[in-house]
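Asker: Okay, here's the prediction I keep looking at, along with the sequence it came from:
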Amino acid sequence: MKQKLKCTAEVYDIPQEMILPNPNQPRKRFDFDELESLAQSIRENGILQPITVRKKDDSKYELIAGERRLRAARLTGIMKVPAIVLDMEEGRSAVFALIENLQRQDLDFFEEAQAIETLLTDFKMSRDDVARKLGIAPSTLSNKLRILKLPEDMRLRLSRANLTERHARALLQLPDDAQRERALSIIIDRRLNVAESERMIQQMLNRAKRQHNALRGIRDVRLFINTLNHAVDTIRRAGVDADTARSETEEYIEYVVRIPKTEQLRLPLPGEAEEAI
């Protein structure tokens with residue numbers, strides 16, 4: 001028996017001037033060469049897959065999905081584009097646009113993270129809801145959001161160098177942007193893969209820890225020397241002609257205090273009045 005197919009959506013030819021851009025479009029960067037290549041394909045074959053829009057008012061539609069196809073169609077001069085019209089509110093439209101781009105792998109990882117952030121902040125969706133709709137674990141979603149801690153110029157450099165999300169997360173191990181910038185420059189200049197980048201960053205962290213411990217040791221030694229100096233000053237104020245000598249080598253600091261021996265010498269105990277000797 002012949003199965004009857006169900007029609008779920010109709011395709012309309014909509015004039016381009018009636019289609020407004022999607023304010024929640026997750027993809028922010030479009031390669032002109034890719035658009036021109038797609039435009040050439042459209043010139044030869046037409047738009048094989050309709051774009052998706054939603055009705056705004058009596059005369060306008062808002063794009064939901066298909067930004068690249070729409071832009072490429074405009075390069076060809078096509079006046080009307082095939083479109084499926086969905087009855088959808090803005091929040092669902094934003095989710096739909098994000099999911100459509102993710103399924104096509106059209107987004108880089110920063111655009112994906114920014115789109116997720118938009119769903120959380122602008123549309124007040126919970127992390128669990130977003131993770132469920134995107135088909136990822138909440139922990140994965142949290143890791144994706146962490147990379148937004150990197151400043152915009154650093155994100156742009158990572159994208160232009162075709163580095164990965166793991167490169168970005170590795171940079172976040174460093175404590176400040178100055179060290180991250182330095183590490184990123186090395187990664188780009190030496191074309192380090194993820195494992196090499198993580199190893200280099202760990203070396204930077206270990207070096208910083210050793211330097212911190214060394215500085216702390218120097219501060220502690222200075223504190224001890226100051227304590228000895230104060231003790232010698234106390235002895236001198238008591239009338240004792242104490243003499244000191246200090247010398248340093250690469251291995252140690254030597255601090256010598258010489259106090260003359262006299263038969264009547266007695267240093268005052270704490271709380272006692274100082275007596276002349």
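Answerer: Alright, I've got the coordinates. Given the structure is predicted, the values throughout are model-derived calculations rather than measurements.
Asker: For residue 81, give me phi and psi.
Answerer: With angles defined as degrees, to the nearest 10, residue 81 sits at phi -120, psi 140.
Asker: what's around it, how many residues?
Answerer: Residue 81: 24 surrounding residues under other CB atoms under 10 Å. (Glycine included, C-beta is placed from N, CA and C.)
Asker: Same check on the one 4 residues further on?
Answerer: The local packing count at residue 85 equals 17, with neighbours defined by other CB under 10 Å.
Asker: quick check, residue 84 in a strand?
Answerer: Yes. Under DSSP: H, G, I helix; E, B strand; the rest coil, residue 84 falls within a strand.
Asker: Residue 244 belongs to a helix?
Answerer: No. Secondary structure of residue 244 (three-state DSSP): strand, not part of a helix.
Asker: Could you give the bridge partners of it?
Answerer: residue 257 (DSSP bridges).
Asker: Please give me every residue in contact with it.
Answerer: Neighbour list for residue 244: 228, 229, 232, 255, 256, 257, 258 [criterion: CB atoms under 8 Å, 6 or more residues apart in numbering].
Asker: By neighbours, which of the residues you listed wins?
Answerer: Result: residue 232 is most packed of those (other CB under 10 Å), 17 neighbours.
Asker: shouldn't that residue be in contact with residue 242?
Answerer: Yes. With contact defined as CB atoms under 8 Å, residue 232 and residue 242 form a contacting pair (5.3 Å).
Asker: Need the overlap of contacts for those two.
Answerer: In contact with both residue 232 and residue 242: residue 257, using CB under 8 Å, 6+ apart.
Asker: Could you pull out the strands in the stretch 51-200 of the chain for me?
Answerer: For the stretch 51-200 of the chain, the strands defined by DSSP state E, counting those that start in this stretch occupy 51-55, 61-65, 80-86.
Asker: Partner strands of the longest one, with direction?
Answerer: What it means is strand 80-86. The strands beside strand 80-86 in its sheet (DSSP bridges) come out as strand 11-15 (antiparallel), strand 51-55 (parallel).
Asker: for the stretch 1-150 of the chain, what spans make up the helices?
Answerer: Along the stretch 1-150 of the chain, the stretches classed as helices by DSSP state H, counting those that start in this stretch are 32-45, 67-76, 90-104, 109-121, 127-134, 138-146.
Asker: mean pLDDT for the ones you listed: which is lowest?
Answerer: Note on the helices of the stretch 1-150 of the chain: lowest mean pLDDT is at helix 90-104, with a mean of 74.
Asker: so where's the stretch 151-277 of the chain uncertain?
Answerer: 212, 214-221, 262-277 (pLDDT under 70).
Asker: And the residue lying closest to residue 235 once chain neighbours are set aside, how close does it get to residue 136?
Answerer: The shortest distance from residue 235 to any residue other than its chain neighbours is 4.5 Å, reached at residue 242 (CB to CB, 6 or more residues apart in numbering). Taking CB to CB, to the nearest Å as the measure, residue 242 falls 72 Å from residue 136.
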